[in-house]
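**Q** Below: sequence and its predicted model.
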Amino acid sequence: MFPIEIRPDRLGQEMLDYSRKLGQGIQNLLNADTIDTGVTPKQEVYREDKLTLYRYQAPEGVQQQPVPLLVVYALVNRPYMTDIQEDRSTIKGLLGTGQDVYLIDWGYPDEADCALTIDDYLNGYLNRCVDFIRESHGLDQINILGICQGGTFSLMYSAMHQHKVRNLVVMVTPVDFQTPGNLLSAWAQHIDIDLAVDTMGNVPGELLNWTFLSLKPFSLTGQKYVNMVDLLDDPDKVKNFLRMEKWIFDSPDQAGETFRQFVRDFYQRNGLINGGIMVGDHPIDLKQITCPILNIYALQDHLVPPDGSKALNGRTSSKDYTELAFPGGHIGIYVSGKAQKEVTPAIGRWLNER
């Protein structure tokens, strides 16, 4: 054991620096403006119930590709993570590569939506958004980018409606829901999902949010607030931190019947691997997917382990399958500076080549 040397002058200086940062930080927090949710200009083009379909404004001087791209986000969080700030925006990066980008905002389900099923979301809402875009552009097929749970939805949608999908990109998308080391899956496999939904109806977003935070309790609920002091004296960094906090705790409730089916068919039955998933009258068979696929996963993803995403390889009938590994985590793949330089341009190039 080596003794720890604590010099009074150094300790005093650290305490002074900490106090200064904290004092300045409190002032920066008080002066922070309203935290925006999405920074890229967009226009509402279609609305149905809680759902809104947006089309993003093309940047000046960039020629748009003729085949539009529809972004399908997860139900469990808000989609503005893809457009969180000017210099860390997946949407802005895609627009810069010439993509004509649409995005579905699923909204906030309430008690009236408790009985909505996956069939309602996929063959109802999603299918009508796809048809709206196809008709607007006079095309038979469009491109789809599915993110996380939205990627699982996009795979199922493509299996049912392959004739409407030209190219499919999936990011941090679970396919095998029971890979070793998947802590979220280990928890979900032992939930009495019928009792939960029958008791609560819609599943509170706050409950799910704290479940996700509990997967890494030290770094996600404690350490980040200690580290926050080091950035509090920078107003821009304070605002970026608050944007992330707003997104983390902006968690919609989940329609009860959809949540029941998702947990039962995917986490508990691992249906994309073992088969047996029915969406309405449609059996889901990934072999029905024949279009080109780009599968992007994050090597340090604690919510969707890489092996869970890589399980897609060989399970479709696509003759054009590409994988891209990102050296980061589940959120970093949208917002990190490295992702802006590598992932988004790679998606654009892949789509433009096809």
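**A** Yes, it's here. Everything numeric in this text was worked out from a predicted model, so none of it was measured. Residues are numbered from 1 along each chain as shown.
**Q** so which helix or strand takes in residue 316?
**A** Residue 316 is located outside every helix and strand, with elements delineated by DSSP states H and E.
**Q** what's it sitting at in phi/psi?
**A** phi -110, psi -180 (degrees, to the nearest 10).
**Q** residues touching it, list them.
**A** By CB atoms under 8 Å, 6 or more residues apart in numbering, the contact set of residue 316 is 286-287, 289-290, 293. C-beta here means a position set from N, CA and C on the backbone, and glycine is covered the same way.
**Q** Compute the distance between it and residue 326, please.
**A** 21 Å (CB to CB, to the nearest Å).
**Q** now residue 340
**A** The value you get for residue 340 to residue 326, if CB to CB is used, is 11 Å.
**Q** was I right about residue 204 contacting residue 253?
**A** Yes. Using CB atoms under 8 Å, residue 204 is in contact with residue 253, at 5.6 Å.
**Q** Columns neighbour count and distance to residue 346 on top of the contacts of residue 316, output as TSV?
**A** Shown next, in TSV, are these (neighbours: other CB atoms under 10 Å; distance: CB to CB, whole Å):
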residue	neighbour count	distance to residue 346
286	20	23
287	10	26
289	24	21
290	16	22
293	23	14
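**Q** And the furthest pair within these?
**A** 287 and 293 (12.6 Å; CB to CB).
**Q** pLDDT added to the contacts of residue 316, as JSON lines?
**A** Output for the contacts of residue 316, formatted as JSON lines (pLDDT from 0 to 100):
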{"residue": "286", "pLDDT": "97"}
{"residue": "287", "pLDDT": "97"}
{"residue": "289", "pLDDT": "98"}
{"residue": "290", "pLDDT": "97"}
{"residue": "293", "pLDDT": "98"}
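**Q** quick one: which of those is nearest residue 138?
**A** Closest to residue 138, out of all of those and judged by CB to CB, is residue 290, at 22.8 Å.
**Q** Roughly how far does the closest one sit from residue 165?
**A** Counting by CB to CB - residue 290 and residue 165 are separated by 9 Å.
**Q** now swap in residue 147 and tell me
**A** 16 Å.
**Q** picking up where we left off before, please list the members of the contacts of residue 316 that lie in strands.
**A** residue 293 (DSSP state E).
**Q** Using CSV, lay out the contacts of residue 316 together with distance to residue 186.
**A** Formatted as CSV, the contacts of residue 316 follow (distance: CB to CB, whole Å):
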residue, distance to residue 186
286, 24
287, 29
289, 29
290, 34
293, 28
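**Q** Residue 147 and residue 165 - which one has more neighbours?
**A** Higher neighbour count among residue 147 and residue 165: residue 147, with 27 against 23, using other CB atoms under 10 Å.
**Q** Please name the residues that touch the more buried one.
**A** Applying CB under 8 Å, 6+ apart, the residues contacting residue 147 are 71-74, 82, 170-173, 334.
**Q** Please tell me how far it sits from residue 207.
**A** 22 Å.
**Q** residues near residue 282, how many?
**A** 17.
**Q** Quick check, it in contact with residue 160.
**A** Yes. Counting by CB under 8 Å, residue 160 is a contact partner of residue 282 at 4.9 Å.
**Q** Overlap in contacts, these two.
**A** Looking at what touches both residue 282 and residue 160 (by CB under 8 Å, 6+ apart), the common residues are residue 123.
**Q** ok, now which ones touch residue 180?
**A** For residue 180, counting by CB under 8 Å, 6+ apart, the contacting residues are residue 307.
**Q** Would you confirm that it belongs to a helix?
**A** No. Read with DSSP: H, G, I helix; E, B strand; the rest coil, residue 180 is coil and lies in no helix.
**Q** my guess is residue 250 meets residue 78, correct?
**A** Yes. Contact criterion CB under 8 Å: residue 250 and residue 78 qualify, at 5.0 Å.
**Q** Between these two, tell me which one has more neighbours.
**A** residue 78 (21 against 15).
**Q** the strands in the stretch 51-200 of the chain, which residues?
**A** 51-56, 69-72, 83-85, 88-89, 101-105, 142-147, 165-171 (DSSP state E, counting those that start in this stretch).
**Q** Tell me how far the fourth one lies from the chain's centre.
**A** Pointing back at strand 88-89 there. 13 Å (CA atoms, centre = their mean, to the nearest Å).
**Q** so how far is residue 256 from residue 158?
**A** 26 Å.
**Q** picking up where we left off before, more crowded one of residue 340 and residue 326?
**A** residue 326 (22 against 18).
**Q** pLDDT weak spots in the stretch 101-250 of the chain?
**A** Judged by pLDDT under 70, the stretch 101-250 of the chain has its weakly predicted residues at 212-240, 247.
**Q** repeat that with 50
**A** 218 (pLDDT under 50).
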